[in-house]
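Trainee: Below are the sequence and a predicted model for it; my questions follow.
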Amino acid sequence: MNFFDKLNQVISENQSLLFVGLDPNPEMMPTCFQSKNIISGLSDWLQFIISETVDKVCAYKPTLGFYEVLGAPGLELLHQTLAAIPPHIPIILDAKHGDLNTSTIFAKTVFTEWGVDAITLSPYIGQEHVASFLVYPDKAVFILCCTSNSNAFSLQQYPSSESPFYLQVVKESKNWGTPEQVGLEVGTTNPDILSRIRAVSPERMIMARSIWAESDNLYKILAAGLTANGDGLLIPVPIDMLTQENLSEQIQSLQTQINQARTEITQNASSCSVWFSDVCLLEKHPQLDLILQMYDIGCIMFGNYVQASGKTFPYYVDLRKVISTPQLFHQVIKAYEEILKNLSFDRVAGIPYGSLPTATGLALRLNCPMIFPRKEVKAHGTRKLIEGEFFAGETVVVVDDILISGKSVMEGAEKLKSVGLNINDIVVFIDHEQGVKDRLQQNGYRGHSVLTMSEITETLYQAGRINEGQFSALSERNA
Ligand SMILES: O=c1ccn([C@@H]2O[C@H](COP(=O)(O)O)[C@@H](O)[C@H]2O)c(=O)[nH]1
């Protein structure tokens with residue numbers, strides 16, 4: 001079960017969006033837990049917090065720094081604390097990790113040895129840093145997008161309040177992983193900031209922080225940060241509450257207050273546009289993540305686009321954008337690979353220019369030699385039609401991005417055939433349908449595709465990414 005499934009299960013079982021910070025901060029330790037041995041006092045306090053809250057919260061969030069400063073006994077205390085958390089409740093380790101050199105070993109330690117479910121990360125190192133943590137399929141990360149610290153204003157609001165840097169962090173981090181992998185950490189007392197973040201990331205889990213500095217803000221924070229379904233937002237239990245003897249009752253009352261507000265907010269929400277974040281009315285498509293990410297990075301554009309055939313379509317699919325998002329590019333290559341591994345061939349060829357990166361990625365993953373037919377033959381130099389080494393009589397699998405009429409890919413295949421190579425299989429990412437695979441078949445090729453245009457259209461519509469007009473535009477090709 002992935003982190004967000006685990007989290008959503010506890011949210012629904014405990015009917016709670018609350019999470020608790022498990023921080024052994026000696027300055028906050030209630031007097032009743034103080035003893036000669038500071039570690040045992042802190043330990044008793046943390047155990048008390050867990051036992052009082054276990055059926056009222058959806059996650060625990062230990063802050064690594066508070067344990068580290070206690071030295072070796074502090075790390076021992078962390079292990080004790082982690083062990084005391086029931087396994088069905090997700091643990092988010094608040095580490096704000098931000099160092100590329102230690103990311104691989106740190107991810108391995110926290111996820112496989114310490115057994116935490118998610119971690120907070122600093123965004124500054126970028127996608128490569130985050131990728132070290134996302135190689136663990138059931139784990140997740142929360143990217144620090146915004147903090148409430150007034151000193152951070154000049155950075156976070158840079159260069160202007162219309163287009164602040166914190167929103168850029170949100171937009172960028174959406175490209176680093178799926179909503180099942182990457183959530184957002186947002187520290188703010190300002191509901192406007194939260195609603196701007198929610199507007200650009202309607203599908204992401206937001207872990208709110210520092211919301212309690214201003215009183216009477218809770219309703220506004222919930223209204224700004226909840227998804228249209230009344231979820232997608234984690235609320236911290238106020239630190240002061242954790243020092244109270246009647247902790248359990250106080251949390252219960254806060255939980256009731258939040259749930260009442262959630263009901264009210266979702267009932268008042270416009271019924272015109274409902275965001276189906278992870279909800280699919282039809283069966284969930286196995287490539288759901290891939291389709292949504294492809295859409296989110298702008299691979300599907302609406303407008304009037306003239307095709308190679310001269311026809312005008314009300315949209316254009318630009319798969320070349322994928323190469324600029326390594327995490328997605330990797331998934332795309334893996335999807336092609338699933339098809340190629342069942343085929344028989346000596347070399348892989350990509351159709352220029354769009355499919356050269358794909359063919360390169362596949363050649364490296366499959367350890368298979370690559371060649372490609374030139375788009376135009378140079379009037380100077382070697383004047384080669386085919387680049388790379390090959391031997392007549394070999395079989396080549398051809399990869400391309402999208403099949404519309406099949407003209408481009410068949411032209412490429414013909415060039416390869418003209419030098420004595422055999423082409424049986426053509427593999428594309430998207431089949432535009434309208435009988436194009438039959439056309440390939442009539443010309444002696446077997447066509448394979450990762451996705452069809454209908455699957456993409458249906459999935460985007462079901463997930464709430466496109467509206468009815470856009471759904472019709474994408475379906476128009478069938479008319
Ligand atoms: O939405 C689109 C449409 C076309 N392309 C590019 O065209 C060829 C496929 O067109 P054929 O008619 O099958 O020759 C494809 O290789 C793309 O380069 C596109 O990217 N997006």
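Mentor: Nice, thanks for sending it over.
Trainee: is the ligand contacted by stretch 325-344?
Mentor: No. Using Cβ under 6 Å from any ligand atom, stretch 325-344 never reaches the ligand; the gap is at least 13.8 Å. Heads up, the C-betas are built off the backbone N, CA and C, glycines and all.
Trainee: Next, the residues that contact that stretch from outside, please.
Mentor: The contact list for stretch 325-344, computed with Cβ atoms under 8 Å, 6 or more residues apart in numbering, reads 127-128, 131, 134, 175-177, 287, 289-290, 293-294, 297, 319, 322-323, 348, 357-358, 361-362, 365-366, 395, 397, 399, 424-425, 427, 429, 448, 450.
Trainee: Restrict the residues you listed to the buried ones and give me that as a PyMOL selection.
Mentor: Here is the PyMOL command that picks out the buried ones among those, judged by 16 or more other Cβ atoms under 10 Å:
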select buried, resi 127+131+134+175+176+177+287+289+290+293+294+297+319+322+323+348+357+358+361+362+365+366+397+399+425+427+429+448+450
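Trainee: So which of the contacts of stretch 325-344 sit within strands?
Mentor: The strands, defined by DSSP state E, take in Val348, Thr395, Val397, Val399, Asn424, Asp425, Val427, Phe429, His448, Val450 from the contacts of stretch 325-344.
Trainee: Now render the residues you listed as CSV, adding pLDDT and distance to the ligand.
Mentor: Formatted as CSV, these follow (pLDDT from 0 to 100; distance: Cβ to the nearest ligand atom, whole Å):
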residue, pLDDT, distance to the ligand
Val348, 98, 16
Thr395, 98, 22
Val397, 98, 16
Val399, 98, 10
Asn424, 98, 19
Asp425, 98, 16
Val427, 98, 13
Phe429, 98, 10
His448, 98, 15
Val450, 98, 14
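Trainee: ok, how many other residues are close to Phe111?
Mentor: As a burial measure, Phe111 scores 19 neighbours (other Cβ atoms under 10 Å).
Trainee: Okay, it and Ala118: tell me how far apart.
Mentor: 9 Å (Cβ to Cβ, to the nearest Å).
Trainee: Now for these two: what residues contact both?
Mentor: Lys139.
Trainee: what's the helix or strand for the closest residue to Gln470 other than its chain neighbours?
Mentor: Among residues not flanking Gln470 along the chain, Phe302 sits closest, at 6.0 Å (Cβ to Cβ, 6 or more residues apart in numbering). Here Phe302 sits within strand 300-306, counting by DSSP states H and E.
Trainee: For that strand, buried residues please.
Mentor: Using 16+ other Cβ under 10 Å as the burial criterion, the residues of strand 300-306 that qualify are Ile300.
Trainee: Give me the angle between the helix or strand following it and strand 300-306.
Mentor: Next along the chain after strand 300-306, taking DSSP H and E as the criterion, comes strand 312-317. With axes from the mean of the first three to the mean of the last three Cα atoms, to 10 degrees defining the directions, strand 312-317 sits at 140 degrees from strand 300-306.
Trainee: Provide the strand pairings for strand 312-317, with the direction of each partner.
Mentor: Strand 312-317 pairs in its sheet with strand 300-306 (antiparallel), by DSSP bridges.
Trainee: touching the ligand at all, stretch 300-316?
Mentor: Yes. Using Cβ under 6 Å from any ligand atom, we find that stretch 300-316 touches the ligand at Gln307, Ala308, Ser309, Tyr316.
Trainee: So what touches that stretch?
Mentor: With contacts defined as Cβ under 8 Å, 6+ apart, stretch 300-316 is touched by 294, 317-318, 404-405, 407-408, 456, 460, 470, 473-474, 476-477.
Trainee: Considering only these, which also neighbour the ligand?
Mentor: Applying Cβ under 6 Å from any ligand atom, the subset of the contacts of stretch 300-316 adjacent to the ligand comprises Val317, Asp318, Ile404, Ser405, Lys407, Ser408.
Trainee: Does the first one touch Cys299 like I think?
Mentor: Yes. Proximity of Val317 to Cys299 meets the contact threshold set by Cβ atoms under 8 Å, at 6.1 Å.
Trainee: Any idea how many residues pack against Gln80?
Mentor: Gln80 is flanked by 13 other residues according to other Cβ under 10 Å.
Trainee: Inside strands: which ones of the contacts of stretch 300-316?
Mentor: With strands taken from DSSP E, the overlap with the contacts of stretch 300-316 comprises Val317.
Trainee: Let's see if you can find the most crowded of the contacts of stretch 300-316.
Mentor: For the contacts of stretch 300-316, neighbours tallied by other Cβ under 10 Å; top is Met294, 26 neighbours.
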